[in-house]
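[1] Build me a model from this:
(one chain, ligands or ions: 1)
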Amino acid sequence: MTTPAASPHCMNTYGRLPVALTHGRGLRVWDTNGKAYLDALAGIAVNTLGHAHPQLTPALQDQVGKMIHSCNYYHIPLQEALAAKLVELSGMTNAFFCNSGLEANEAAIKLARKFGHMKGIEKPEIVVYEKAFHGRSLATLAATGNEKIKEGFGPMMEGYIRVPVNNIEALKKATEGNPNVAAVFFETIQGEGGVKPMNTDYLQQVRQLCDKRDWLLMIDEVQCGMGRTGKWFAHQWSGIVPDVMPLAKGLGSGVPVGAVVAGPKAAHIFQPGNHGTTFGGNPLAMRAGVETIRIMEEDKLLDNVLKVGAHLHAALHRELDGVKGVKEIRGQGLMIGIDLDRPCGVLMQRALDAGLLLSVTADSVVRLVPPLIITEAEADEVVAILVPLIQTFLAEAP
Ligand SMILES: *Cc1c(COP(=O)(O)O)cnc(C)c1O
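    This next block holds a predicted model:
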């Protein structure tokens, strides 16, 4: 019995692959035909704890039985609990909750604008980056550095200055003598841009520049945060603390939840009436965030990311270094990009056929962002399926 994988009544917004996934357990998921897959994508860096986690599942069931939503007219104790935890882990001071990555970034952009207005800047500008991805709303799309996905949605919101990554001179030059700059905004590791990290020195230099010029440093950790690199937040590898940090993807281990965490320079900019969301910070989403972090701490998942991440990087280097057509293997912890010398979108289907979920980003980069519970044995399985696929693909006539 096969169930057709088709969605004729849904808008045609995604070029979907022809399978429908129905359930999972740990690193495995199954489709409507009963075929099993190994999940090295985690719903795009979302399913931190894999599927149907034996501790998260009953906690969410318990929460659904108590309360799903109450709205922000009232205090929500679980919201305060998650905010306190994020403050502790980040070294920042306050959090605002929303429902997705773009919403977290939208709030960050509003914070930057009001920060500017409070300093007397009438038209505040925000520095953003080439190849950046910040979301699909009009403000976050305009901040995004991918012309293809903006086509058809102009006019774009103004107020951005775009610069190349990892080039402090270019940043200084682009902002020279400009009194309207209010913030600098980037991903520590560009995700959709092809798993491209910002260098440690660059992060430190930008932090200094932001301090000197009184700009907000806003770091989009929607994809690379929440333990994915082996620290809670990827920028922590360089010892800096941002002023504003949007989070989402892995925060609720699959339950939609976004957050903006802010330090002293930005934490008190929003006053009642300035910003809000109906669903944001609801008890179910907050419980998911609290339990995700609790389980990550109890099961020492950051250590697991370091251990299995190193194992996976080593195996990929061993198998693919020197293979013609493999340009670079990049990333940190369990955020890995294998950059090929040609577009390789077809590998998503081929991996699926071979029982592996992964994605291809920036046209030519195979991206692995598995659940953080992955074991070394599962990482070996990923490599055993993936390496021959890449070798065969690269051996074909381009
Ligand atoms: C996915 C992503 C977003 C957008 O998140 P949504 O939840 O899809 O709106 C923003 N920034 C980064 C870095 C992302 O990876």
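[2] Neighbours of the one residue in the stretch 101-250 of the chain that gets nearest to the ligand, how many?
    Going by Cβ to the nearest ligand atom, the ligand is nearest to Gly101 of the stretch 101-250 of the chain, at 2.1 Å. Where C-beta positions appear, they are placed from N, C-alpha and C, glycine not excepted. Taking other Cβ atoms under 10 Å as the criterion, the count of residues near Gly101 is 27.
[3] Then the one 5 residues further on?
    Neighbouring residues of Glu106 were enumerated by other Cβ under 10 Å; the total is 24.
[4] Spit out the contact partners of the residue nearest to Leu102 when sequence neighbours are not counted.
    Leaving aside its chain neighbours, Leu102 sits nearest to Gly135 (2.7 Å; criterion: Cβ to Cβ, 6 or more residues apart in numbering). Residues in contact with Gly135 (Cβ atoms under 8 Å, 6 or more residues apart in numbering) are 100-103, 105-106, 141, 143-144.
[5] rerun at 7 Å
    Gly135 is in contact with 101-102, 105, 141, counting by Cβ atoms under 7 Å, 6 or more residues apart in numbering.
[6] I figured the residue of the stretch 101-250 of the chain closest to the ligand hits Gly225, correct?
    No - between Gly101 and Gly225 there is no contact under Cβ atoms under 7 Å: 10.3 Å.
[7] For Gly337, see how far away the spatially most central residue of the chain is.
    For the chain, Gln223 is the residue whose C-alpha lies nearest the centre (Cα atoms, centre = their mean; 1.1 Å). Separation of Gln223 from Gly337 (Cβ to Cβ, to the nearest Å): 12 Å.
[8] likewise Ala354?
    From Ala354 to Gly337 the distance is 20 Å (Cβ to Cβ).
[9] Over to Leu216?
    28 Å.
[10] Ok, Asn146 next?
    Per Cβ to Cβ, Asn146 is found 16 Å from Gly337.
[11] So if I had to pick from those two, which one is more boxed in?
    The neighbour comparison of Asn146 against Gly337 (other Cβ under 10 Å) goes to Gly337, with 26 against 15.
[12] Excluding sequence neighbours, find me the nearest residue to that one.
    Leaving aside its sequence neighbours, Gly337 sits nearest to Val195 (Cβ to Cβ, 6+ apart; 2.7 Å).
[13] Just confirm that neighbour contacts Leu334, I think it does.
    No - assessed by Cβ under 7 Å, Val195 is found out of contact with Leu334, at 11.3 Å.
[14] Now do the helix or strand where Ala81 lies: distance to the chain's middle.
    Assigned by DSSP states H and E, Ala81 falls within helix 77-90. Centroid separation between helix 77-90 and its chain, computed with Cα atoms, centre = their mean, to the nearest Å, is 19 Å.
[15] Same question for stretch 216-236.
    Chain-centre distance of stretch 216-236: 8 Å, with Cα atoms, centre = their mean.
[16] what's the answer for stretch 203-217, then?
    That offset, for stretch 203-217, works out to 23 Å (Cα atoms, centre = their mean).
[17] for the helix or strand where Gly116 lies, packing partners?
    Taking DSSP H and E as the criterion, Gly116 maps to helix 101-118. If you count contacts as 3 or more Cβ pairs under 7 Å, 6 or more residues apart in numbering; DSSP states H and E, helix 101-118 packs onto strand 94-98, helix 138-143, strand 181-187, strand 216-220, strand 244-247, strand 258-262.
[18] Measure how the third one sits relative to strand 216-220, angle-wise.
    So that's strand 181-187. Taking axes from the mean of the first three to the mean of the last three Cα atoms, to 10 degrees, one finds strand 181-187 and strand 216-220 inclined to each other by 20 degrees.
[19] What helices and strands are in contact with strand 181-187?
    Against strand 181-187 (3+ Cβ pairs under 7 Å, 6+ apart) you get helix 101-118, strand 125-129, helix 200-213, strand 216-220.
[20] want to try TSV for these, with mean pLDDT as columns?
    Output for the helices and strands packed on strand 181-187, formatted as TSV (pLDDT from 0 to 100):
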stretch	mean pLDDT
helix 101-118	98
strand 125-129	98
helix 200-213	98
strand 216-220	99
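[21] any idea which of these is most buried?
    Mean neighbours per residue, mean count of other Cβ atoms under 10 Å, is largest over those for strand 216-220, with a mean of 28.
[22] Can you give the contact residues for it?
    For strand 216-220, contacts defined as Cβ under 7 Å, 6+ apart pick out 105, 108, 112, 115, 134, 182-188, 206-207, 210, 235, 242-246, 265-266.
[23] do that again at 8 Å, thanks
    When contacts are defined by Cβ under 8 Å, 6+ apart, strand 216-220 is touched by residues 101, 105, 108, 111-112, 115, 126, 132, 134, 182-188, 206-207, 210, 233, 235, 240, 242-246, 265-266.
[24] Could you do stretch 383-394 as well?
    Residues from elsewhere that reach stretch 383-394, judged by Cβ under 8 Å, 6+ apart: 38, 40, 312, 315-316, 319-320, 323-326, 338, 340, 344, 346-347, 350-351, 354-356, 358, 366, 368.
[25] Type out the ChimeraX command that picks the buried ones from those residues.
    Selection of buried members from the contacts of stretch 383-394 for ChimeraX, criterion 16 or more other Cβ atoms under 10 Å:
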select :38,40,312,315,316,319,320,325,326,338,340,344,347,350,351,356,358,366,368
